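**Q** Provided below are the primary sequence and the corresponding predicted coordinates.
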Amino acid sequence: MLYLMFVIGCIFGSFYTLVGMRLPKNESIIKPGSHCENCGHMLKWYENIPLLSYIFLGGSCKKCKEPISSTYFLMELLSGTLFALCYKVFGININLFLSLIISSLVIIIFVSDSKYMIINDSPLVISVILIFILRFVDKGIVSALLSLLYGAVIFLFAYLLKVFGTYTFHQEALGGGDIKLSFVAGMLLGIRLGIVYIVLASFLAFPYALYVTLKNKDHMLPFGPFLVSSLLIVFLNNDIISKIVKVLFRI
Ligand SMILES: [Zn+2]
């Protein structure tokens, strides 16, 4: 079952990488099919197998021999690993499906935000709808509506941070996509863990931000990959993190 989840994760990861590459450019995610970015060679089915084709083709196009971006290979590997990990943590229950939604966002946002500094709306909207339906099926309409309320609270929290950060540092602190992603996080985590999610994301981003600032490179940092990683970490460990929060703050 673990291997099966890995394989399914690789296949989905291949599609999510394509979504993350094409949505920011407003390209269709269906047509054209996968092709070489250099010569336009349309990939045959056996050149389009997640992970394996990249290895067998030696990382270059069969026709023009131009190197293929390793992004697909790395994201497929990450996606397969995350799907297997989610199954290992939760087994088969509602939390598995919720954690797979987060894993899907991880891949799409890693690609689109680090490549184009964009988090598109459509993957977030689809996630909100799926989470609402899963909560409704699992615990009924009250639980589903509450998740929307929690989403709105964390959305507002992230928005206030943006206003405060922009005012204090005189530059854009959080992007619109980061704030909308926080709505999804609030739906999944509730209010207390939702705040942990934002704090943890800042800690995760700090070494990278420091590195970029010291190198005096472009000061715009994609924060989405850190936010969505934090969301997955908190969701996968929500039992232990809930306990720590309770002990620390006695709430
Ligand atoms: Zn080619």
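**A** Yep, that arrived. Numbers count the residues shown, from 1 in each chain.
**Q** Using the three-state scheme, assign the residue positioned nearest the centre of the chain.
**A** With distances taken as Cα atoms, centre = their mean, the residue of the chain nearest its centroid is residue 106 (1.9 Å). Classification of residue 106 using DSSP: H, G, I helix; E, B strand; the rest coil returns helix.
**Q** and the nearest residue to it once chain neighbours are set aside, what helix or strand is that in?
**A** Leaving aside its chain neighbours, residue 106 sits nearest to residue 228 (5.1 Å; criterion: Cβ to Cβ, 6 or more residues apart in numbering). Every C-beta, even on glycine, is put in place using the N, C-alpha and C of the backbone. Assessed by DSSP states H and E, residue 228 sits inside helix 224-236.
**Q** That helix - what's its average pLDDT?
**A** Across helix 224-236, the average pLDDT comes to 97.
**Q** distance between that helix and the chain's centre?
**A** 7 Å (Cα atoms, centre = their mean, to the nearest Å).
**Q** What of stretch 159-173?
**A** Worked out by Cα atoms, centre = their mean, stretch 159-173 lies 23 Å from the chain centre.
**Q** Pick out the residue in the stretch 101-250 of the chain sitting closest to the ion.
**A** Of all residues in the stretch 101-250 of the chain, residue 115 sits closest to the ion, at 20.0 Å by Cβ to the ion.
**Q** Surely that residue and residue 21 touch.
**A** Yes. Using Cβ atoms under 8 Å, residue 115 is in contact with residue 21, at 7.1 Å.
**Q** Please identify every residue contacting each of these two.
**A** Shared contacts of residue 115 and residue 21, defined by Cβ atoms under 8 Å, 6 or more residues apart in numbering, comprise residue 71.
**Q** Of these two, give the one with the bigger neighbour count.
**A** residue 21 (21 against 15; other Cβ atoms under 10 Å).
**Q** same question for the helix or strand harbouring that one, mean pLDDT?
**A** For residue 21, the host element (DSSP H and E) is helix 2-22. For helix 2-22, the mean pLDDT works out to 96.
**Q** Mind checking what helix or strand follows that helix in sequence?
**A** In N-to-C order, the element after helix 2-22 by DSSP H and E is helix 52-56.
**Q** any residues touching that next one, and which ones?
**A** Under the contact criterion Cβ under 8 Å, 6+ apart, helix 52-56 has outside partners 43, 46-47, 68, 70, 72-73.
**Q** got it, and stretch 77-84?
**A** Contacts of stretch 77-84 (Cβ under 8 Å, 6+ apart): 2-3, 5-10, 12-14, 16, 50-51, 100, 103-104, 106-107, 110, 232.
**Q** one more time with 7 Å
**A** For stretch 77-84, contacts defined as Cβ atoms under 7 Å, 6 or more residues apart in numbering pick out 2, 5-10, 12-13, 16, 51, 100, 103, 106-107.
**Q** Kindly report the same for stretch 142-160.
**A** Residues outside stretch 142-160 that contact it (Cβ under 7 Å, 6+ apart) are 131-132, 135-136, 174, 178-179, 182-187, 190-191, 194-195, 198.
**Q** Give the buried subset of those residues as a PyMOL selection command.
**A** Filtering these down to the buried ones (16 or more other Cβ atoms under 10 Å) takes a single PyMOL command:
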select buried, resi 131+132+135+174+178+179+182+183+184+185+186+187+190+194+195+198
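**Q** quick revisit: can you tell me which of the contacts of helix 52-56 comes closest to the ion?
**A** Using Cβ to the ion, these come closest to the ion at residue 68, 8.2 Å.
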